[in-house]
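Pasted the sequence and its predicted model underneath.
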Amino acid sequence: MTRRPHHSRRRSILRAVLAGAALVAAIDSLIAEYGPGFAAILDVCEATSLEEAAIRGGRLGWPVAPEDRDWRAGFERYEGGTVRVVGWRRGARGEDGLLSYWVASGPNARTACAFSTDRPHLLGALRDRFGAPDTFEEQGDIVNAYRRRGGLEVSFTRIGASSSLSVARRG
């Protein structure tokens, strides 16, 4: 067995320490970006009423998104009921995060929450909150995950860096 020179072992140890520090920094960055902030987004999505969602969404500190009257009219025509909506946008860029919560009444009564962002690291946070998905598909840079927990349906899609989350409850 050949012994490595003393300086080679030091270099290996230093590389391992630097790699560990880089990993810790990356995890800290993700926690800062999605930790409490993403948990608060999921809190909005798990609300059981529009009023509760509005209170929770207000805690995000994001500006309220303007109402999309065309979307509302199209939804109501298609579904045959009414819909009430509240939403927030994280920043000025369209890809920076849009969160909406809506309550539909009529033949297809349900509540739903949608979040879209160009920040792709949401899948792990969803696993932490809701457990492993019931179905999971990955093909290249496309990921789909779905889970049903009681009356709650949680679906996630990521295409490249763009992610979309939907949380829905019937009735």
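Nice, thanks for sending it over.

which stretches of the chain form strands?
In the chain, the strands defined using DSSP state E lie at 83-89, 98-104, 110-117, 135-139, 142-149, 152-159, 162-170.

and the residue nearest to Arg110 when sequence neighbours are not counted, how many residues sit next to it?
With CB to CB, 6 or more residues apart in numbering as the criterion, Arg110 has its nearest non-adjacent residue at 4.9 Å, and that residue is Arg170. All C-beta atoms are positioned from the backbone trio N, CA, C, and that covers glycine. Taking other CB atoms under 10 Å as the criterion, the count of residues near Arg170 is 11.

give the contact list for Arg169.
By CB atoms under 8 Å, 6 or more residues apart in numbering, the residues touching Arg169 are Thr48, Arg110, Thr111, Ala112, Gly151, Leu152, Glu153.

partner residues bridging it?
With DSSP bridges as the criterion, Arg169 is bridged to Thr111, Leu152.

Please report the distance of it from Ile55.
18 Å (CB to CB, to the nearest Å).

Asn144 now?
In terms of CB to CB, Asn144 sits 31 Å off from Ile55.

what's the answer for Glu137, then?
In terms of CB to CB, Glu137 sits 35 Å off from Ile55.

Equivalent analysis for Gly106, please.
For Gly106, the distance to Ile55 - CB to CB - is 25 Å.

Under the pLDDT cut-off, which ranges of the chain? List them.
Along the chain, the parts satisfying pLDDT under 70 run over 1-36, 92-96, 120.

wait, what's in contact with the closest residue to Gly37 other than its chain neighbours?
In space, and not counting its chain neighbours, Gly37 is closest to Leu60: 7.5 Å by CB to CB, 6+ apart. Contacts of Leu60 were listed using CB under 8 Å, 6+ apart, and they are Gly37, Ala40, Ile41, Val44, Trp88, Arg90, Leu99.

I'd like the residues you listed laid out as a markdown table, including distance to His121.
A markdown table is the format used below for the contacts of Leu60 (distance: CB to CB, whole Å):
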| residue | distance to His121 |
| --- | --- |
| Gly37 | 12 |
| Ala40 | 16 |
| Ile41 | 13 |
| Val44 | 19 |
| Trp88 | 20 |
| Arg90 | 15 |
| Leu99 | 17 |
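
Neighbour count for these - can I get that in TSV?
Converted to TSV, the contacts of Leu60 look like this (neighbours: other CB atoms under 10 Å):
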residue	neighbour count
Gly37	17
Ala40	17
Ile41	26
Val44	25
Trp88	21
Arg90	20
Leu99	24
